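Trainee: Fold the following for me, if possible:
(chains A and B)
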Protein chains: 2
Amino acid sequence: MQSEQELRWKKLEQKLKEKDLDAFLVTGKMDIFYFSGLCSGGTVLFTSKKKFFFLPPMYAEEITKDESGWEVLVYENSLESELENVSRKINVKRCGFDSNQLSFALYKKIKEKFKAELVPCDGMAEKIRAIKDGKELNLIRKARQITIDAFYHLKKILHNGMSEKEVANEAINYILREADDVSFYPIVLFGKRTSRPHGKATEQKLRDNELVLIDMGAKIGGYCADITRTFMWGKVQEKWEKIYNFVHTLQQLAIQHIKPGVKASKIDELIREETAKAGYQKKLLHGAGHGIGLEVHEQPILKRNFDTVLEEGMVVCVEPGIYFAGEGGVRIEDMVLVTNQGGHILL
Amino acid sequence: MQSEQELRWKKLEQKLKEKDLDAFLVTGKMDIFYFSGLCSGGTVLFTSKKKFFFLPPMYAEEITKDESGWEVLVYENSLESELENVSRKINVKRCGFDSNQLSFALYKKIKEKFKAELVPCDGMAEKIRAIKDGKELNLIRKARQITIDAFYHLKKILHNGMSEKEVANEAINYILREADDVSFYPIVLFGKRTSRPHGKATEQKLRDNELVLIDMGAKIGGYCADITRTFMWGKVQEKWEKIYNFVHTLQQLAIQHIKPGVKASKIDELIREETAKAGYQKKLLHGAGHGIGLEVHEQPILKRNFDTVLEEGMVVCVEPGIYFAGEGGVRIEDMVLVTNQGGHILL
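Mentor: Next up is the predicted model:
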């Protein structure tokens, strides 16, 4: 039976053929972890004949020399010199690289030394990563379940006088007990501060009758969850109940339209149109969502200008939000699996 | 009185003059926070006449339109289109950018639209950030103190049967109570696993008579600490006491040579020479250290090929380590301030 990694390399090989490339340089940490299953340090050069793993000495012990199929090269000096040495020995003409995952500075250094044409491929490795296999889905489901459990836990212990930061710390403590790590530092906002999509938790204390927004996620085996809940702590202005229901409608609309063959940007467009109809177009401050996996934000991005076509096995966070500057905001975010029967909230 | 930010902009302006540039594009998140003091989202374009802050709508509320001296541009579409619009209105000929902080993909997009020559400047903004002002030093000192306190706390509660992960979680809990965040997920390793410089905490349980390595840091007001301690839990082979003393000697040697005017790479060279004399050259798996501030690893990097010259006010982590694969390792890391009287461990 082939390992997950072998199947992933096959997909990459297929993409290389389509683009007439005979090698690919993997520089993104998460791409390296995805394709190697070994570690996220170093740099990988893939050719149809051989796979090279370039490692600084610090990571040498993470990979044994005989991991099947790898030529492990531990380098003391610079990556670009090591790449130069290898490129003199192998016959590579056109080598792809992910242009989102390489800085302009390192591109220039490699280009100077590497004996092959460097061909920018925008997000190529990340697009392969976007479709999850069964093992990945299981990890994502586990991470999601722990995140949901963490919400229950917080709702139980929440009380007036607790600060945003105390709630965030409690969320982290809970998640660290159950998972490997948090996906990101939790967003916890009270009252009018909920209007800031990426606001930072402060010493602000919870009081009666205000909005509470919590956005958090657990991480397991490298895989992230990301879920947002907004709720009313006591009684709030009726307006917010309407907004809440409206945001929920937006999320349902988006999920109904998620299916293989639909462009990622289309989901965002639908939400924007519906929001404009309700007169809230100025209150929509971010895209409809994003893929999730080894990174919290990854392909496919549900946002204008992102033309990735949705495919079966992708997992996306759908997170519509409506924000009134200085007053408050509501965001609801869930993780949705793209299936042939449409979008299903992960359970 | 001038604000810290104004003084920082003056330094940047000086560098632009030296390189005959009339604008600078700031794209690194930490650089943006450093120069604006406002937020780390968006993108900044600096000219001698005006400072532009390009923000996606999500961050709009973080900056009010009248923050003195800023022209805030909230864009719905793409950054490159917005940059194009602005570059048509202002007269810019040569615009610098930090080539380490811009992906090749975004560089290409901006280059296509922007009406000025884009001049790569390797780490220019980061080099200004390397020299800390009094306010920054105070935050770094606080972050360091909390980290030291966290070590005392861990030593008190450590007991046989505790897993690496439990210790890491306890470190995080302690730091989150006292600081804004952790600088990074703590490295906690027991026994032979201490040989992995970047090993991840596992379920491995602490037993009598083994090495313990803990590398962690608190973060306050954006500023990081990063400290490593290795100690013997019970009685270990005499060899490790010798190694510990040797690593301590290496650290002292490095600190003695830290002073304004010395190249960062020189400190690394000294450690490598001393290690080679002792016959341990193959056991040295990483550079001598790194600058610290808004990022855990920043300029100046104490490593070969890094020619930044040390200056008064820089803060560097000095972290020699000797590692025996499969047996264990010792690393000692402290934060050192570069002063005119030499290197002083931050207290």
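Trainee: Please identify the buried residues of stretch A:38-48?
Mentor: Across stretch A:38-48, burial judged by 16 or more other Cβ atoms under 10 Å in any protein chain shown covers A:38-47. Any C-beta I mention is one placed from the backbone N, CA and C, and that applies to glycine too.
Trainee: would you list every one of the helices in the stretch 151-300 of chain A?
Mentor: A:164-178, A:238-257, A:264-277 (DSSP state H, counting those that start in this stretch).
Trainee: The first one to helix B:164-178, inter-axis angle?
Mentor: Looking back up the chat, that one is helix A:164-178. 180 degrees (axes from the mean of the first three to the mean of the last three Cα atoms, to 10 degrees).
Trainee: Enumerate residues external to helix A:164-178 that contact any of its residues.
Mentor: Here helix A:164-178 makes contact (Cβ atoms under 8 Å, 6 or more residues apart in numbering or on different chains) with A:146-147, A:149-150, A:153-154, A:157-158, A:181-182, A:185-190, A:193, A:201-204, A:206, A:214, A:216-218, B:168-169, B:172-173, B:176-177.
Trainee: Whichever of those end up buried, select them in PyMOL.
Mentor: One line in PyMOL is enough to select the buried ones among the contacts of helix A:164-178; burial here means 16+ other Cβ under 10 Å:
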select buried, (chain A and resi 146+147+150+153+154+158+181+182+185+186+187+188+189+190+193+201+204+206+214+216+217+218) or (chain B and resi 168+169+172+173+176)
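Trainee: among the contacts of helix A:164-178, which are in strands?
Mentor: Among the contacts of helix A:164-178, DSSP state E puts A:181-182, A:187-190, A:214, A:216, A:218 in strands.
Trainee: What about chain B: which of those residues touch it?
Mentor: A:D181 (Cβ under 8 Å from any Cβ of the partner chain).
Trainee: Please produce a markdown table containing the ones in strands among the contacts of helix A:164-178, extended by pLDDT.
Mentor: Putting the ones in strands among the contacts of helix A:164-178 into a markdown table (pLDDT from 0 to 100) gives the following:
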| residue | pLDDT |
| --- | --- |
| A:D181 | 96 |
| A:V182 | 97 |
| A:I187 | 98 |
| A:V188 | 98 |
| A:L189 | 98 |
| A:F190 | 98 |
| A:I214 | 98 |
| A:M216 | 98 |
| A:A218 | 98 |
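Trainee: What's the local residue count around the one residue in the stretch 101-250 of chain A that gets nearest to chain B?
Mentor: Residue nearest to chain B within the stretch 101-250 of chain A: A:A105 (3.8 Å; Cβ to the nearest Cβ). For A:A105, the neighbour count with other Cβ atoms under 10 Å in any protein chain shown is 19.
Trainee: Isn't it up against B:D122?
Mentor: Yes: counting by Cβ atoms under 8 Å, A:A105 touches B:D122, with 5.5 Å between them.
Trainee: quick one: common contacting residues for the two?
Mentor: With Cβ under 8 Å, 6+ apart, A:A105 and B:D122 have common neighbours B:99-100.
Trainee: Listing partners with orientation, what would you give for the lowest-mean-pLDDT helix or strand in chain A?
Mentor: Sorting the helices and strands of chain A by mean pLDDT, DSSP states H and E puts strand A:70-74 at the bottom, at a mean of 91. Strand pairing for strand A:70-74, determined by DSSP bridges: strand A:51-55 (parallel).
Trainee: could I have the strand it pairs with exported to CSV, CA atoms only?
Mentor: The C-alpha atoms that make up strand A:51-55 are tabulated as CSV, following Å, rounded to 0.1, in the frame of the first residue of the first chain:
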residue,chain,number,x,y,z
LYS,A,51,13.9,13.5,-3.6
PHE,A,52,16.5,15.7,-1.8
PHE,A,53,16.1,17.0,1.8
PHE,A,54,18.4,19.9,2.5
LEU,A,55,18.7,20.3,6.3
